[in-house]
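> here's my sequence, what's the structure:
(one chain, ligands or ions: 2)
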Amino acid sequence: MDDKKRPLYLPFAGPALLEAPLINKGSAFTEEERMFFNLDGLLPYYIETIEEQASRAYDQFRSFNNDLDKHIYLRNIQDTNETLFYRLVQNHISEMMPVIYTPTVGLACERFSKNWRRNRGLFLSYPYKDRIDDILNNSTRHKVKVIVMTDGERILGLGDQGIGGMGIPIGKLSLYTSCGGISPAYTLPITLDVGTDNPHLLEDPMYMGWRHKRIGGDEYYEFIEAVMQAIHRRWPDTLIQFEDFAQKNAMPILERYKDKYCCFNDDIQGTAAVTVGSLLAACKAAHSKLSEQRIAFLGAGSAGCGIAEAIVAQMVSEGISDEQARRQVFMVDRWGLLQDNMPNLLPFQQKLAQKRDDIEHWQNFCDNISLLDVVNNAKPTVLIGVSGAPGLFTEEIIRAMHSHCSRPIIFPLSNPTSRVEATPKDILHWTSGQALVATGSPFEPVVIDGQTYEIAQCNNSYIFPGIGLGVLATGARRVTDEMLMASSRALAECSPLAINGEGSLLPRLEEIHNVSRHIAFVVGKTAIEQGHALPTTDELLLQAIESNFWYPEYRRYRRTSF
Ligand SMILES: O=C([O-])CC(=O)C(=O)O
Ligand SMILES: [Mg+2]
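Ligands and ions are numbered 1, 2, ... in the order given. You can find the predicted model right below:
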């Protein structure tokens, strides 16, 4: 019998059933269930379908006039009836994704303690460092397969939000379910409360985290190690997504654990994968190759360098040398273009610094070469912003780029919307509609001279749900660079622009389930080829993806005793 049609046997009844978000059906409990589960009289008489419930919830959603209130409203449904929450989001994905995720989730993180309603996920607070196993055992989720974990130090482009960062793991996991079909019962958001260096939070009487400066150094890394070990003991096969760690910790944590556990860093690797996927699609549409592009970055942190390394790897796979690929990538941070003689470069920046010998002939050559000078000398065809600083793609820079390149590819990726390097509207105006623009946060289409330009959202949300689905469907034990590269290619294969030569760069959100399935398939196959998952046939892999795909539908319940 179809697995999804099997009843679920529940050992408890009465009000407890209405308080359990994973199984609550609210007004949709049937007459029979109301009788057998002692729910008679606890609900109004009329038995509703999930669509009727969703329609009422949508009316209420529309009655709020700001996005933060809408976010709080949706989070409340999530905390009381998850099936309804996901049905509602599925019905209105384009409208609701910006409310549950970027950009509104940024505001929700900033106001987390002020808006606190009820618990979701786990807070692992440093003062409880000797009780991590106990805390994991307190989880309301028992069969965890995907964890998103943050320490709140670099939330989007908003900096240190302390425990307010919890909004991010919650939001990301909502997308694992809405976009990648991972059952919410398998997901767990975790926030490591290791203090905060945000003075406003430390002084805020409402702040609910550990009121202490962030711990660092050995103390911090020992705590991370203890957490990783405890998670591994409790759920040995779970996928862990690191999210929004500060630059100084993101890469060392990834390096330490990527070959030991099934984990990846979404800001470094997920953002890289979606950006490479989008670039591959753009190149395909232009009948060119990624290895033919010259690429300038504003922002040389772990996200920027992660994207750059993924681009280099892709260029090399197209046949050019590693050295040549690195010559075509220009990393600019607040001190200017990274050059190999600069002191204080981080290890991951050193590999991407330009050789001084190669650029000495540039006009205005100096120690601190600005982005404008990079544009004028290197004549990049692609410009990527991951600076977290708004407005830095100035009119002068964009016009200079356009003067050297008729169809520049410009991706201001910083999140949330308030941090964008330039708005798509400005970029398209400055380039007479010729730029190919994609952003990290969602933007409305831009109209110039009667022509409408859709703005693709080059956000890691196109990638991580599919990776999660692929890992779950195959039981993969690692997330490798090759699996991530495969996800980029899979995404590019779904691009309407690449397929038809016109239309948007990335598929519409309404298509996201199929995109995630395709990514899951390609990622799963790569995991198998690399020996990180047990071999299977294509047909069985497709079946495994389908049987892991959760749909927001109520199941039938039967009563059982313990
Ligand atoms: O959350 C997002 O929209 C993308 C992301 O990972 C970040 O900006 O840190
Ligand atoms: Mg992030």
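
> find the closest residue to ligand 1 in the stretch 401-550 of the chain.
Scanning the stretch 401-550 of the chain for the residue nearest ligand 1 gives N415, at 3.6 Å (criterion: C-beta to the nearest ligand atom). The C-beta positions use only the backbone N, C-alpha and C, and glycine is treated the same way.

> from I519, how far off is that residue?
If you measure N415 against I519 using C-beta to C-beta, to the nearest Å, the figure is 21 Å.

> looking only at neighbour counts, state which of these two leads.
Each of N415 and I519 had its neighbours counted (other C-beta atoms under 10 Å), and the higher figure belongs to I519 (31 against 25).

> how many residues are close by the closest residue to ligand 2 within the stretch 401-550 of the chain?
Of all residues in the stretch 401-550 of the chain, N460 sits closest to ligand 2, at 7.0 Å by C-beta to the ion. Per other C-beta under 10 Å, the neighbour tally for N460 reads 27.

> same question, I170
Counted with other C-beta under 10 Å, the burial measure for I170 works out to 24 neighbours.

> what's the closest non-adjacent residue to it?
Spatial nearest neighbour of I170, excluding adjacent residues (C-beta to C-beta, 6 or more residues apart in numbering): P189 at 4.8 Å.

> go on, S178?
Across the structure, with C-beta to C-beta, 6+ apart as the measure, the residue nearest S178 apart from its sequence neighbours is V89 (4.9 Å).

> which SSE is L472 in?
helix 464-474 (DSSP states H and E).

> surely the residue of the stretch 401-550 of the chain closest to ligand 2 meets G270?
Yes. If you go by C-beta atoms under 8 Å, N460 and G270 touch, sitting 3.4 Å apart.

> L383 pairs with what?
In this structure, L383 bridges to A296, I410 when assessed by DSSP bridges.

> relative to ligand 2, how far out is it?
With distances taken as C-beta to the ion, to the nearest Å, L383 is found 21 Å from ligand 2.

> try P236
Using C-beta to the ion, one obtains 26 Å as the distance from P236 to ligand 2.

> strand partners of the longest strand seen in the chain, parallel vs antiparallel please.
Looking only at the chain and at elements set by DSSP state E, the strand with the highest residue count is strand 187-193. Looking at strand 187-193 with DSSP bridges, its partner strands are strand 122-125 (parallel), strand 146-150 (parallel).

> return the most buried member of these.
By mean neighbour count, with neighbours taken as mean count of other C-beta atoms under 10 Å, strand 146-150 ranks first of the strands paired with strand 187-193 at a mean of 27.

> quick one: the helix or strand just after it to helix 464-474, angle?
Of the helices and strands lying after strand 146-150 in sequence (DSSP H and E), the nearest is helix 167-180. Between the axis of helix 167-180 and that of helix 464-474 there is an angle of 70 degrees, by axes from the mean of the first three to the mean of the last three C-alpha atoms, to 10 degrees.

> residue contacts, N249?
By C-beta atoms under 8 Å, 6 or more residues apart in numbering, N249 lies in contact with D151, E153, Y220.

> what helix or strand is the last one on?
What it means is Y220. Secondary-structure assignment from DSSP H and E places Y220 in helix 217-234.

> surely R558 is in a strand?
Yes. Under DSSP: H, G, I helix; E, B strand; the rest coil, R558 sits within a strand.
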